[in-house]
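Asker: Just the structure for this:
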Amino acid sequence: MNQHSRSIGDLSHQVSVMLRRLLAMLTALIIFWCGLIPEVALAQIQTAPPSQRTQPSKTEIPPAPSSIQPYLDRVIKQLTEFRLENGMKFIVLERHQAPVVSFLTYADVGGVDEPDKKTGVAHFLEHLAFKGTTRIGTKDYKAEKPLLDRLEQLDAQIKTAKANGKKDEVVRLQAEFQQVESQAAKLVKPNEMGQIVEQAGGVGLNANTSTEATRYFYSFPANKLELWMSLESERFLTPVIRREFYKEKDVILEERRMRIENSPIGLMVEKFIDTAYKVHPYRRPVIGYDEDIRNLTPEDVQKFFNTHYVPSNIAIAIVGDVNPTEVKKLAQTYFGRFQAKPKAVAKILVEPQQKQTREVTLQLPSQPWYLEGYHRPAVTHPDDVIYEIIGSLLSNGRTSRLYKSLVEKQRLALNAQGFSGFPGDKYPNLMLFYALTAPGRTVDELALALRQEIDSLKTEPVAADELQRVKTQARAGLLRTLDSNTGMAQQLLEFEVKTGSWQNLFKQLDEIAAVTPADIQRVAKQTFTPENRTIGKLLSKQG
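Answerer: Residues are numbered from 1 along each chain as shown. The predicted structure follows:
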């Protein structure tokens with residue numbers, strides 16, 4: 001190979017790597033926005049080569065629909081549920097194949113539940129839930145507490161002095177703040193909870209916050225069930241929310257700068273969702289607005305915790321090598337200590353029906369992107385599974401319509417994807433499509449071609465073999481998720497909390513099988529209309 005050929009090959013490789021990173025960045029950002037995976041995993045998704053990214057576990061999928069029922073019957077027979085007197089719900093699924101247990105604590109609270117001007121408080125609280133308790137994470141809480149009190153006082157005084165233009169007083173107060181914060185830091189045992197978990201053989205200690213839920217999860221060897229009960233109950237019984245509060249605020253502000261303010265596609269997604277929604281809190285970013293994050297106080301977070309982290313608003317799934325009788329006994333001992341309190345009543349504004357196309361355009365130093373979204377009903381709607389099938393038909397992998405048409409045939413896009421449930425699915429949400437424009441092509445060309453593929457679902461019935469292929473993919477994907485203890489725990493709780501029963505998870509397989517070409521055509525006609533459309537264009541700005 002000559003030098004010129006090598007140069008072309010090197011350039012091609014560099015472009016390929018760059019494109020993979022761009023696509024991974026947007027995918028990770030959207031997942032981050034929806035809160036589907038832990039934030040700490042995002043960097044791994046964005047930077048790891050495809051061969052090193054986490055792959056779903058290899059599961060033997062029953063080859064025929066007739067083999068599903070025994071699988072489901074077995075799962076249902078092995079599942080136990082109970083509710084403590086204080087209202088906390090437990091779902092326990094026995095799986096004795098390996099001596100491990102996965103735990104997931106599901107707080108039915110997220111970004112949509114935040115008060116006005118307090119955006120980001122749910123996510124902030126999730127961070128602080130790892131800082132420890134009055135016993136864990138501190139060398140001497142009696143000595144630490146007055147320092148935390150003083151920090152809160154000084155922060156309020158600094159804000160007042162700034163508002164009154166007293167610069168000298170601000171300097172003096174800030175100097176004292178730094179001194180007190182340094183003293184408090186000396187009493188902290190950083191990440192002590194994580195160290196306890198790791199030393200006991202625990203893995204995967206993490207959490208995520210979405211628009212409508214906050215999830216805390218990790219796995220332990222089966223003989224550490226009581227240790228989990230002790231640790232998890234204590235961190236929500238006696239949390240020290242003020243520990244390293246101001247340090248964590250800086251971490252979250254930097255996270256926002258990295259993912260939104262310094263990211264063209266991050267800004268695009270924020271502007272897009274704000275355009276698609278007018279009153280529903282889905283329009284607000286889960287991480288919060290910069291000004292709101294800066295103004296949050298320990299009192300704000302504590303009040304939010306006291307309001308929403310009540311037993312009747314928390315559900316826990318335990319999946320693995322456990323004895324349900326022992327689980328119930330330990331749950332009563334540890335979580336029974338929580339005082340029963342009334343669950344906060346959600347005051348969510350109903351989004352009015354969209355009556356005309358909305359559009360937002362940004363011009364930033366970036367590859368050109370195109371976004372298109374359509375309002376659709378919540379997860380509890382009978383048509384939910386039809387929307388999922390439509391999403392798969394259009395954008396699930398290289399056999400999907402968008403990839404074959406826009407990427408392979410017309411070469412308008414470097415990639416084209418879409419999915420339902422953005423930015424959440426508990427309430428009416430969006431079916432979102434997004435694509436990265438190919439060099440030399442425009443977002444308008446891409447928009448026209450994408451819309452032709454969408455509109456074809458309204459005019460032409462889907463062929464039986466294509467629909468069957470997508471159904472098989474959907475069924476296999478669901479069963480793969482349920483194969484892992486953590487995946488099963490998450491799905492059980494999602495359906496329990498959002499639809500009223502974990503059993504609806506298993507009805508999904510029957511619902512997938514029942515979807516017809518006529519169903520797809522009907523839903524496409526009522527959804528993919530100009531008046532229900534929101535458009536986002538991220539145009540390239542040179543220099």
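
Asker: Sticking with Lys507, tell me its helix or strand.
Answerer: helix 504-514 (DSSP states H and E).

Asker: Could you do Tyr434 as well?
Answerer: strand 429-437.

Asker: Helix or strand with the lowest mean pLDDT in this structure?
Answerer: Between all helices and strands in the chain, the lowest mean by mean pLDDT, DSSP states H and E belongs to helix 42-47, at a mean of 29.

Asker: Moving C-terminal from that helix, which element do we reach first?
Answerer: Next element after helix 42-47 (DSSP H and E): helix 68-77.

Asker: ok, residues contacting that following helix?
Answerer: For helix 68-77, contacts defined as C-beta atoms under 8 Å, 6 or more residues apart in numbering pick out 62, 93, 475, 479, 482, 503, 506, 509. Heads up, the C-betas are built off the backbone N, CA and C, glycines and all.

Asker: May I see the buried residues of the very next helix or strand once past it?
Answerer: Counting by DSSP H and E, the next helix or strand C-terminal to helix 68-77 is strand 79-83. For strand 79-83, the neighbour count (16 or more other C-beta atoms under 10 Å) marks 79-81 as buried.

Asker: Restricting to C-alpha, output stretch 394-411 in PDB.
Answerer: Taking C-alpha atoms only, stretch 394-411 is exported to PDB below (Å, rounded to 0.1, in the frame of the first residue of the first chain):
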ATOM      1  CA  LEU A 394     -38.600   2.400  11.800                       C
ATOM      2  CA  SER A 395     -35.400   2.300  13.700                       C
ATOM      3  CA  ASN A 396     -34.400  -0.900  15.400                       C
ATOM      4  CA  GLY A 397     -31.000  -1.800  13.900                       C
ATOM      5  CA  ARG A 398     -29.700  -2.100  10.400                       C
ATOM      6  CA  THR A 399     -32.800  -4.000   9.200                       C
ATOM      7  CA  SER A 400     -35.000  -1.100  10.100                       C
ATOM      8  CA  ARG A 401     -36.700   1.100   7.600                       C
ATOM      9  CA  LEU A 402     -34.900   4.400   8.500                       C
ATOM     10  CA  TYR A 403     -31.400   2.800   8.400                       C
ATOM     11  CA  LYS A 404     -32.000   0.900   5.100                       C
ATOM     12  CA  SER A 405     -33.600   4.000   3.400                       C
ATOM     13  CA  LEU A 406     -31.800   7.000   4.900                       C
ATOM     14  CA  VAL A 407     -28.400   5.600   5.500                       C
ATOM     15  CA  GLU A 408     -27.800   2.700   3.000                       C
ATOM     16  CA  LYS A 409     -30.000   3.600   0.000                       C
ATOM     17  CA  GLN A 410     -30.200   7.400  -0.100                       C
ATOM     18  CA  ARG A 411     -27.100   8.100   2.000                       C
END
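
Asker: hang on, the earlier thing: what packs against the following helix or strand past the strand holding Tyr434?
Answerer: Downstream of strand 429-437, the next assigned helix or strand under DSSP H and E is helix 443-459. Helix 443-459 is packed against strand 369-376, helix 384-395, helix 401-402, strand 429-437, helix 517-527, strand 533-540, with contacts defined by 3 or more C-beta pairs under 8 Å, 6 or more residues apart in numbering; DSSP states H and E.

Asker: can you rerun that using 10 Å?
Answerer: strand 369-376, helix 384-395, helix 401-402, strand 413-422, strand 429-437, helix 517-527, strand 533-540 (3 or more C-beta pairs under 10 Å, 6 or more residues apart in numbering; DSSP states H and E).

Asker: among the ones you listed, which is the most enclosed?
Answerer: Highest mean neighbour count of the helices and strands packed on helix 443-459: strand 429-437, a mean of 26 (counted as mean count of other C-beta atoms under 10 Å).

Asker: quick check, distance from that one to the centre of its chain.
Answerer: 17 Å (C-alpha atoms, centre = their mean, to the nearest Å).

Asker: Ok, stretch 309-323 next?
Answerer: Taking mean C-alpha positions (C-alpha atoms, centre = their mean), stretch 309-323 and its chain are 19 Å apart.

Asker: Format the CA atom coordinates belonging to it as PDB.
Answerer: Extracted C-alpha coordinates of stretch 309-323, given in PDB (Å, rounded to 0.1, in the frame of the first residue of the first chain):
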ATOM      1  CA  TYR A 309     -39.300   9.700  50.600                       C
ATOM      2  CA  VAL A 310     -42.200   8.300  52.600                       C
ATOM      3  CA  PRO A 311     -42.800   4.500  52.900                       C
ATOM      4  CA  SER A 312     -45.900   4.500  50.800                       C
ATOM      5  CA  ASN A 313     -43.900   6.100  48.000                       C
ATOM      6  CA  ILE A 314     -41.100   3.500  48.000                       C
ATOM      7  CA  ALA A 315     -41.100   0.100  46.400                       C
ATOM      8  CA  ILE A 316     -38.300  -2.500  46.700                       C
ATOM      9  CA  ALA A 317     -37.500  -5.400  44.400                       C
ATOM     10  CA  ILE A 318     -35.200  -8.200  45.600                       C
ATOM     11  CA  VAL A 319     -34.300 -10.800  42.900                       C
ATOM     12  CA  GLY A 320     -32.000 -13.800  43.400                       C
ATOM     13  CA  ASP A 321     -31.000 -16.500  45.800                       C
ATOM     14  CA  VAL A 322     -33.300 -15.600  48.700                       C
ATOM     15  CA  ASN A 323     -35.900 -17.000  51.000                       C
END
